[in-house]
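[1] Generate a structure from the sequence data that follows.
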Amino acid sequence: MNIDKTATALLVIDAIEAVGDDSIYDPDANDKAYRDNVAAVVSACHGAGIPVIYCNDAHVRGIDRELELWGEHGVAGEVRVIREVEQAEGDITIPKRRYSGFFQTDLDLTLRELGAKTVIAVGADTNICVLHTLADAYFNNYASIVVADATKTFLCGTQEGALEHFKKCYGSELCSTQDLVAALGA
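    Residues are numbered from 1 along each chain as shown. Take a look at the predicted model:
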């Protein structure tokens, strides 16, 4: 795997946990490996000088359409990045109200200003928010790398199906946390 560190950014998509009542983002002890892998990828990107961008749900109670489908979750001010992740000065947070980190946000502008041509993706749900964010990344001409063991599926579909979709439909390169960390020399 060859990564141009000067033209790559990490998208941490909904790697969040609830700080209040939440139907989706309650911390789950069964997610330890996923959470540790997300933290390792963030740390490796920090070490390699790759910008880290958090694309986090920030729903508005009472009006966001997703809440009708999935119940109260990801409400602005009621979630935080998972505890295992050490955020750093200079990390960027882009709140989102729909599945895609690109939809009606300034993610594309931010990536262009950073000079990014490739995005690395980690987070959840692989079949929903990661999928829609990577679709928009593809439509906006970004290459993508998906760290398979630093994503998770828990609402619909299968992890394997989503990963196959990324590879076949968006040309995403799939890798493990261990392979990405090694490629970054971290």
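
[2] and the top strand by length along the chain, how far out from the chain's middle?
    Counting residues, the longest strand found in the chain (DSSP state E) is strand 143-152. How far strand 143-152 lies from its chain's middle: 8 Å, per Cα atoms, centre = their mean, to the nearest Å.

[3] which residues touch it?
    By Cβ atoms under 8 Å, 6 or more residues apart in numbering, the list of residues contacting strand 143-152 from outside reads 1, 3, 31, 33-34, 37-38, 40-41, 117-126, 130, 134, 137-138, 159, 162-163, 166, 170-177, 180. (Each C-beta comes from the backbone N, C-alpha and C, glycine too.)

[4] Just the buried residues of those residues.
    Buried members of the contacts of strand 143-152, scored by 16 or more other Cβ atoms under 10 Å, are 3, 31, 34, 37-38, 40-41, 118-126, 130, 134, 137-138, 159, 162-163, 166, 170, 172-175, 177, 180.

[5] Now do the strands in the protein.
    Under DSSP E, the chain gives strands at 8-13, 16-18, 52-57, 79-81, 92-96, 118-124, 143-152, 173-175.

[6] Would you reformat those as CSV and include mean pLDDT?
    Putting these into CSV (pLDDT from 0 to 100) gives the following:
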stretch, mean pLDDT
strand 8-13, 98
strand 16-18, 88
strand 52-57, 97
strand 79-81, 93
strand 92-96, 98
strand 118-124, 97
strand 143-152, 97
strand 173-175, 98
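
[7] Turn these into TSV, including distance to residue 73.
    TSV is the format used below for these (distance: least, Cβ to Cβ, whole Å):
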stretch	distance to residue 73
strand 8-13	14
strand 16-18	8
strand 52-57	7
strand 79-81	8
strand 92-96	13
strand 118-124	11
strand 143-152	15
strand 173-175	27
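
[8] Many thanks, I have nothing further to ask.
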